[in-house]
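Asks: Predicted model and sequence follow; I will ask about them next.
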Amino acid sequence: MTRTPMTRTRFLPLFGLALAASAAQAQDLGAQAAQVLQRRAPSIVTVKIVLKTEINVMGQTQEREERIQVQGVVVDAGGLIMFSNSAISAAQLQEALSDMMDDEGQPGGFEIKTTPSDIKVVVGEEDTEHPAFLAASDDRLDLAFVQLQELGELKLVAVDFPEAGAPKVGQTIIVVSRLNEGYDYAPYFETGLIAGEIKTPQPAFVVAGQAATVGLPVFAPSGEVLGVLTVVASGMRPQGGGLMQAMGGESPMAQAFRPFVLPSGQVRAVVAQAKERAAEAAKQGR
């Protein structure tokens, strides 16, 4: 008995069905992401900060001052806002650079110091800048919190982090962010994929894809809060690479600032602590 050879023509219908299924899945994800964007965008704000940076190398100091804009999320309707601590702290950057310089046999004496001031918050696409103060920060979790000084008639929509919220490996995630002032603070979404899981130095999930705006909540396509996108420092010195790592490998700097998803339960605990500190600072007249 002879077999009829499988021709390219017989593959075409199957290929077409696969393309159609892929397109349908992409369309479904796009529709879900659009719904998440519409629902969650009111909670995403813009934090404006005057940041003074001092860099000291071998006794030589350089200073500069700049106004930066970072995206944050309202975590309490009373005016508490969370964002990435890396925006105002050079702790992880200094550690990564110092380790690489030492690994290359370069001299020490390298120090970066940052001082944030004149903090303002823009809610949505409005023009008003609301004064705020730094309430708390956590270098380990790469999270920082500012508290609005006064709410007035401002109504804020907070994102609540459930105790049990956490992503799963293989799951699609959505992050809602905003463009800067030059683009009218327009909200947009980023998507990514949970590509792995780590246990040390703390439980977190590896992210692949476009989602890269740290300090912001991570949502499931259904809208469920899964955690926050953050930077997790390994605490380990780079081995055999440094500044001159071979082509094709991931540099120590890239490793130091790889984004991870911190599970919702951990974020919830940090938010509660920040809320207490903000209340104490407000009583002291900050």
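Replies: Structure's in. What do you need?
Asks: Which of the helices or strands spans the residue nearest the centre of the chain?
Replies: When CA atoms, centre = their mean is applied to the chain, the residue found nearest the centroid is Val214 (0.9 Å). In the assignment (DSSP states H and E), Val214 maps to no helix and no strand.
Asks: tell me the phi and psi of it?
Replies: phi -70, psi 150 (degrees, to the nearest 10).
Asks: Contact partners for Ile194?
Replies: Listed by CB atoms under 8 Å, 6 or more residues apart in numbering, the contact set of Ile194 reads Pro167, Lys168, Val169, Gly170, Gln171, Ile173, Phe205, Val206, Val207, Ala208, Val261. For every residue, glycine as well, the C-beta is placed using N, CA and C.
Asks: Go through those and name the one nearest Thr230.
Replies: Nearest to Thr230 among the contacts of Ile194 is Val261, at 7.6 Å by CB to CB.
Asks: on that earlier part again, next step: the contacts of Ile194 restricted to strands.
Replies: Applying DSSP state E to these, the entries found in strands are Ile173, Phe205, Val206, Val207, Ala208, Val261.
Asks: gap between the lengthiest strand in the chain and the chain center?
Replies: If you go by DSSP E, the chain has its longest strand at strand 60-76. Strand 60-76 sits 14 Å away from the centroid of its parent chain (CA atoms, centre = their mean, to the nearest Å).
Asks: What's the first helix or strand after that strand?
Replies: strand 80-84.
Asks: what lines up beside that following strand in the sheet?
Replies: Here strand 80-84 is paired, per DSSP bridges, with strand 60-76 (antiparallel), strand 143-148 (antiparallel).
Asks: right, so the ones you listed: which one is the most enclosed?
Replies: Comparing the strands paired with strand 80-84 by mean neighbour count (mean count of other CB atoms under 10 Å), strand 143-148 comes out on top with a mean of 26.
Asks: mind checking the end-to-end distance for stretch 197-205?
Replies: 4 Å (CA to CA, to the nearest Å).
Asks: buried set for it?
Replies: Ala204, Phe205 (16 or more other CB atoms under 10 Å).
Asks: Next one: Ala212 relative to Pro42, how far apart?
Replies: Distance, Ala212 to Pro42, by CB to CB, to the nearest Å: 22 Å.
Asks: follow-up on the earlier one: tell me which of the strands paired with strand 80-84 lies nearest to Ala272.
Replies: Checked against CB to CB, the stretch from the strands paired with strand 80-84 lying closest is strand 60-76, at 9.5 Å.
Asks: what sits up against the closest one?
Replies: 43-55, 80-84, 87, 121, 145-146, 156-161, 177-178, 180-181, 213, 215-217, 271, 274-275.
Asks: can you rerun that using 7 Å?
Replies: Applying CB atoms under 7 Å, 6 or more residues apart in numbering, the contact partners of strand 60-76 are 43-55, 81-84, 87, 156-159, 177-178, 180-181, 213, 215-217, 271, 275.
Asks: Same check on stretch 31-50?
Replies: With contact meaning CB under 7 Å, 6+ apart, stretch 31-50 is reached by 65, 67-74, 81, 83, 88, 116-124, 129, 146, 157-159, 174, 176-178, 185, 187, 189, 191, 216, 219, 221, 223.
Asks: Just the buried residues of these.
Replies: Using 16+ other CB under 10 Å as the burial test, these include 69-74, 81, 83, 88, 116, 119-123, 146, 158-159, 174, 176-178, 185, 187, 189, 191, 216, 219, 221 as buried.
Asks: just checking, Asp28 is part of a strand?
Replies: No. Going by DSSP: H, G, I helix; E, B strand; the rest coil, the assignment for Asp28 is helix, not a strand.
Asks: and for stretch 265-272, what are the contacting residues?
Replies: For stretch 265-272, contacts defined as CB under 7 Å, 6+ apart pick out Val75, Met82, Asp138, Leu141, Leu143, Phe161, Glu163, Ala164, Gly165, Ala166, Gly227, Val228.
Asks: Thanks again, I'm all set now.
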